Structures are given as C-alpha cells and as structure tokens.
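have a look; sequence and predicted model below, questions after that.
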Protein chains: 2
Amino acid sequence: MAEIGPNTRLRSSVFYEETVKEGVTAFSPYNRMLMPTSYGDPMAEYDRLINGVSMWDVSVERQVKIKGPDAARIAQVLSVRDLSGIQVNQGKYVPMCDHRGVLVNDPIVLKIAEDEYWLSIADKDILMWSRAIAAERGLRAEITEPDVSPLAIQGPKAEEVAAALFGDWVRDLKFFWFRDAEIDGIPLKVARSGYSKQGGFELYLMDGSRGPDLWNIVREAGRPWGIGPGNPNPMERIESGLLSFGGDTDDNSTPYEAMLGKYVDLHLDDGVVGIKALRGIHAEGPARHLLGVRLEDYAPRPGHAVWYDVMAAGKKAGSMTNGCWSPRLKQVIGFVLVGRALRPGDTVEVIRNGVATPGMLCDLPFL
Amino acid sequence: MAEIGPNTRLRSSVFYEETVKEGVTAFSPYNRMLMPTSYGDPMAEYDRLINGVSMWDVSVERQVKIKGPDAARIAQVLSVRDLSGIQVNQGKYVPMCDHRGVLVNDPIVLKIAEDEYWLSIADKDILMWSRAIAAERGLRAEITEPDVSPLAIQGPKAEEVAAALFGDWVRDLKFFWFRDAEIDGIPLKVARSGYSKQGGFELYLMDGSRGPDLWNIVREAGRPWGIGPGNPNPMERIESGLLSFGGDTDDNSTPYEAMLGKYVDLHLDDGVVGIKALRGIHAEGPARHLLGVRLEDYAPRPGHAVWYDVMAAGKKAGSMTNGCWSPRLKQVIGFVLVGRALRPGDTVEVIRNGVATPGMLCDLPFL
C-alpha cells in the first residue's frame, strides 16, 4: 500500500475536510475524485447502515447537467430505457450503452425541468460522452458539470433523520423522486435514493461552499439516532445484489449480462445509442451473466475488488468480480460474471491469490 | 494522507510488482491505473534523470488502437494537427479537441500500418471518445485497448542503455519514430520518445505477461550507467516547460491557451472535430495563456499539484496549476494559467495555503 491524496487528477470533495476530521482511512478514485471507502472500523460502519443510520460523502456521483431545447431528446438518445413518461421532480435508474450495446453507465436521470435533465453518474466520463453524441447530431443544449455534491443518509433510521431535518413531507417522497429544499440557507434537492437496500435519502447540495455546514447540520440532526460516517458499503451492496458499474462490469458487459435487462426498452427508436445492437443481443441471448457465489470460506476477512478467476470443470469459466465477508450469512460471498451455461446450484472454484476455494452459484440478491 | 492500492477502478500495471520491489512510495491515478509518482527520494530521482538514466513504468500511457479501412480518417478527424504526411513507423504529438475547440487530449499518434493507428494517450477516456465519433459517423474500424505497456528510459545516458539492449541502430531513430524489436522473445516497439527533455526511449511492451522480465532486463542492461527507478518527474517537466494535460488544463483550455497552437492546422477540413471552433478562437485570440512564474521562495519544499489562486493588482487573475522547487534555478517555480493581459515580467502573488508569495511571470520553458 502506498499513499494517496488530492491532486489535479483526484479532486477532493466539498466534504473532504469533514471526512478527514471523521477519520477517513482509505479512498478509491471515482469520477476523478477521492471517494471515502473506509473510516477504519468496517463492522461498525456496516452495523450503522443495517441497524441505524449512516452518512456518506457521495459527491463523486457527479451530475451531468443537460439544459436547452433538445435536453429531453439528448437524455433519451443516451438512455436505453424509455424516458417519455418521466415527470419533473422524478428520477429514474437508467442503463446507458455505447453503439455496441455495451454499458457505459447506469445513472439516475433526474428531470429538473422540461428543458433540463441531470445524469447522476457512476464512474465514467459521461460529460464527454454526452457532449460527443449531442454535438455530432447537432442537438442543442449546454452540457456541463454543475456545482452539485450529493450527501447520502442511509439506513432504517434515515427517514427519522431526514424528517427531523426537513419535516414530515420527506416521508411521502416516492423512490427516486426529489424536491427542492433549503436548510440554514443551503440550497438542496432532497431525493429518496441511495446506493443501499436499507432505505434513505440523498441531499443534492447545490452550493459547494456550504459543504462543511451541511455535513455538520446532518451530523447534529442525526445524533439522537446514533448517526456516524460511512460510505457505499461493499458488504451490504453485495448481500443486496446491487450492481457496481465498472466494478462488476467490463468493456463487453451489456445490460442483459448485468441484471439490467428489465430496464431496456427495445421499442425505442433507432436514434437511441445502442438500441439496434441490443435488439440483436436480446435475440441471441447474452453470452455471460452475473450470479452470486457462496464460498466454502467461513472466516471473516477483508473484501476484495480485483477480479479472480472462476473455474468450472477445470477450466476458466469467468471471474469473481467482487467479494466480501457477509456478516449476516457468515460466509464469503461475491458476484461472478460467468458463461450462460453455468446456473444457480452449480459448483465452481474461485482462485484467490493462488488458492482454490469451492463455492456454489446462486441467484442475486443474497438477502 | 490515506492509503491506495489496486482495485477494479485502479488497475495495476504489468510492471507493478517490480515497482513495489523497487520501493515505490506514492501513486497517482492515471487512465484508471496506478501511476508511480515517487520512490521516496525525489532528489536522487531527479539527479538520475538529469545526469544519468532513469527507468519509468509509464504503462498508464494507454494505447487506443484504431484498425480498419477508415483508421486514417478516424485518426485525422480526432486530431487538429494535419496527419496527411505521417509515415508508417512515425509518431506525431497531436492536440485533440472537442467540438468547442477545448483540449481533450494530447497523445502521440503512431502510424502502425496503412490501416492501423495507435493513440498513446494522456489521462482521459479517449477510447470511449473515439468510439463515439467513429460510430456516429459510420466510420469503419475496430477501436480497442491492446495489450501494450510503455516502459520509458530517460536521461542523457538513455541512448547508451538502449544501444546496449538493442544495438546501435537506436542511435539513428528520429524523435517520435519507432521500430519493431525483440529481446529475449519479448515483442516491443522501440520509440525515441518520452515525457522529459533529457532524451530517451519508450519501449512499447506488446506482451503484458513479460512485464517483469522486461523490467529486469532493462534494469540489468542499465547497471553500468547507474540506472534506477523514476517516473515522469514534476521538477524536470516544469523546468522544461512540458505541458501536463489535465494538470495544467481545465474544461475550457484550448490548444492556444496551452502552448499547443503551433500544432493546430486550421486548413484541415470541417469534419475534424473542433476545427471550426478553433478558427473562431484563433481569430479572436485566446482569453488566457500558460506562462511560467518564479516565486520569491528560495527554500526546497515538496511540489504541489492542486491549483492555487494567482492575484494581480489585488484581484484573482488566474491559477498556478503546478509548482515545484527547481533544483537548478534554486527557487520555487510553476506554471500559471492567467488572462492574456498578463505578460512575462509582470508581478503577481500566489496564494498557497492562505499565504501570499510574490513572483514574476516569465516565458516557458524555464530551462
């Protein structure tokens, strides 16, 4: 292990100083920013998320703002999910593909106004991608990265904290819908959203200079429920079967391989990037799919985020993309990207650092 | 400072294990890989580069391989420099722009064959960018990232090491030209190239499984000249006035602002991405330019790679993009990106961590 810190290729978040004060111990780069990945006590962080409430610096979820007369068309041509019914103040989880039908992102698309959409993106340069497609087609909109930094509140007690902060109206927000709000003069959008299955909200901070203020206001409001710092949690997200774009996908992963087939609307017009290719892939069936694996390894150990070989009948059959100790299942589990011939119930071996461990494939999610 | 290590968003190089054995102490992300940035003794690393020979893991210089009947056209529409005269086995340093005329990269374009070009890229997702433009225009080529990992040998004694490795023919290689070679069965392209002004070569390793072998062969061949590990050196590159794309540029930097105007060929056809915008920018003159600054600070201190405010007549006039102690000038120097009204000889103040230091603007390079 070596050191990492902010530089011009690795911007710090508007919450950075607060996360340092909270004792952040590790980062991963994500969208050219430092994303906190641990505060040094993984089990306490997991426990807060599963049983209490956790606050996360997820400002690495950058926004691609598309504003102009063709904004709606640009959002649609970039998305293989039908956006025709989306309403102002609504978000939708959307696969985006390249012309080969290969995933380039899985953002939340937020409709801000009739002529304004935000793409709240995973780790890939969708700002440049969107500009390329729009400019090549002569579609009219300004495409920029606005001063917006999401802070997530996640866990079963997140709603109590959000209600304490903003009022009881947050309890009525539907999933992925959002509303403008203000607290102590800080402009926000409050969305029911978040990268966990434990429930919660994302506060889209719209004034970066108020990052520390917002962090501390949330920290204070959450005190009665024992709020503490966290981050997208590898153990919880694997147990919950949440896809990590770029973590569980590669340069050949289609939505059908990545559990996102249900979000592909093949009836969309041919102008939608990737839709023609996806019709062919859908007809043929994908070559691979993502499944779970439960390993015969019952010792708590650190997670991993490098791909390991998966062997079946003595041959390489795919990769284990991410793995972790599951505190609830009490064994090591992970995602595997394997050929379609392999099915839940089949046995495989996963080669981790030269050691083969048997495991059984299973459906996702685990829990 | 927190820890960093390989994960799915941060691939390790084929030379990674060797750099760890050499004692690498810090990395920066670059093209989603770990780029070594220090081996713990900056002055020794600088000295080897200036007076001896240094070997660098620069496999983060990823190749975008464009192969097919329209490869030459794709390379040209992506490049604002005229590539019509480029020959097989020749490379050219080329600015690439988006439709606004803003830099998206400054790769070396290598012509491998009549129907094959490689872009040896700086830190930005040009694989996705190239695919977007080619696909939108119906241009026919496969665009992929091949198994190619450059290893650089830099410094005044680099030619001796390269000649010992490959023979005296390397002495006749012209700058940015390259030739196929093999050593111990390892397939390479040997180019006279490198991100320093001290001279040297880049060995484009074409079989990643042989990374450790190549590292050790070069290490052994360089022993008589005192070779040791290094990396693109912040002090040398600033003294030498070499641009760091993404380090000294932002989302509004045109080639004219970034000292690359001489590589823009405005006579190119309108199909070249950005060329129409650049004609307008050229006619108006750029809003900003890159200059050097010599600070009234004569103490050796660590370099920085976060942007600092530059003040002139009490107002913010731009940014110091990167700075370092110059061992040869014996003062702190840096690059500034400032409004065009400011000129070499003008005095400014640079605000570093809240402290203002006076300095004088100057032409680049420093040395």
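Received it, and whenever you're ready, just let me know what you need. What you are looking at is a predicted structure, and each value in this text was computed from that prediction instead of being measured.

so what's the gap between stretch A:176-186 and the chain middle?
How far stretch A:176-186 lies from its chain's middle: 21 Å, per CA atoms, centre = their mean, to the nearest Å.

kindly report the same for stretch A:355-367.
Using CA atoms, centre = their mean, the offset of stretch A:355-367 from its chain centre is 22 Å.

likewise stretch A:293-306?
With CA atoms, centre = their mean, you get 21 Å for stretch A:293-306.

do stretch A:287-296 as well
Taking CA atoms, centre = their mean, the mean C-alpha location of stretch A:287-296 is offset from the chain mean by 20 Å.

go through that stretch and flag the buried ones.
A:288-295 (16 or more other CB atoms under 10 Å in any protein chain shown). No exception for glycine: its C-beta is placed from N, CA and C like everyone else's.

once you drop chain neighbours, what's closest to A:Lys65?
Distances taken as CB to CB, 6 or more residues apart in numbering or on different chains put A:Pro146 closest to A:Lys65, at 4.6 Å, once the chain neighbours are dropped.

who touches that neighbour in this structure?
A:63, A:65, A:118, A:206 (CB atoms under 8 Å, 6 or more residues apart in numbering or on different chains).

that one - that's part of a strand, no?
No: A:Pro146 is assigned coil when assessed by DSSP: H, G, I helix; E, B strand; the rest coil, not a strand.

look up how far A:Lys67 lies from it.
Distance from A:Pro146 to A:Lys67, counting by CB to CB, to the nearest Å: 9 Å.

then A:Leu10?
28 Å.

of those two, which one has the most company?
Neighbour tally, A:Leu10 and A:Lys67, criterion other CB atoms under 10 Å in any protein chain shown: the higher count belongs to A:Leu10, 21 against 17.

pretty sure A:Arg48 contacts A:Gly155?
Yes: counting by CB atoms under 8 Å, A:Arg48 does reach A:Gly155; the two are 6.3 Å apart.

any shared contact partners between those two?
Contacts common to A:Arg48 and A:Gly155, judged by CB under 8 Å, 6+ apart, are A:Ser54.

of these two, which one has the most company?
Applying other CB under 10 Å to A:Arg48 and A:Gly155 shows that A:Gly155 carries more neighbours, namely 30 against 24.

poorly predicted segments of the stretch 1-150 of chain A, please.
The stretch 1-150 of chain A contains residues with pLDDT under 70 at A:1-5.

give me that answer again for 80
By pLDDT under 80, the low-scoring segments of the stretch 1-150 of chain A are A:1-8.

how about the residues of it near chain B?
Residues of the stretch 1-150 of chain A found near chain B (CB under 8 Å from any CB of the partner chain) are A:1-10, A:24-30, A:32, A:98-99, A:104, A:123-125, A:128-129, A:131-133, A:135-137, A:145.

same question for the stretch 251-367 of chain A.
Contact residues (CB under 8 Å from any CB) of the stretch 251-367 of chain A with chain B: A:251, A:305-307, A:321-322.

among those residues, the buried ones, what's the PyMOL command?
Command for PyMOL, covering only those of those found buried under the criterion 16+ other CB under 10 Å:
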select buried, chain A and resi 305+306+307+321+322
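
adding secondary structure, write the residues of the stretch 251-367 of chain A next to chain B out as a markdown table.
What follows is those, written out as a markdown table (three-state DSSP):
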| residue | secondary structure |
| --- | --- |
| A:Asp251 | coil |
| A:Ala305 | coil |
| A:Val306 | coil |
| A:Trp307 | coil |
| A:Thr321 | strand |
| A:Asn322 | strand |
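
for chain B, state which of the residues of the stretch 251-367 of chain A next to chain B is nearest.
Ranked by distance to chain B (CB to the nearest CB), these are led by A:Ala305 at 3.9 Å.

doesn't B:Asn7 make contact with that closest one?
Yes: counting by CB under 8 Å, A:Ala305 touches B:Asn7, with 3.9 Å between them.

what is in contact with the two at once?
A:Ser28.

neighbours of A:Pro224, just the number please.
Using other CB under 10 Å, A:Pro224 has 12 neighbouring residues.

buried stuff in stretch A:334-343?
So for stretch A:334-343, counting by 16+ other CB under 10 Å, buried means A:334-338, A:342.

an error on my part: the question was meant for stretch A:211-231.
Buried-residue list, stretch A:211-231, by 16+ other CB under 10 Å: A:211, A:213-215, A:217-219, A:221-222, A:225, A:227-231.

A:Pro146 and chain B, how far apart?
Note on A:Pro146: its distance to chain B, by CB to the nearest CB, to the nearest Å, is 12 Å.

could you check the pLDDT of A:Pro187?
Note for A:Pro187: predicted pLDDT of 98.

could you look up the SS state of it?
From three-state DSSP, the assignment for A:Pro187 is strand.

show me the contacts for it.
So A:Pro187 contacts A:180, A:205-207 (CB under 8 Å, 6+ apart).

tell me how many other residues crowd the closest residue to A:Tyr263 other than its chain neighbours.
With sequence-adjacent residues excluded and distances taken as CB to CB, 6+ apart, A:Tyr263 is closest to A:Arg81, at 4.7 Å. Residues near A:Arg81, counting by other CB under 10 Å, number 20.
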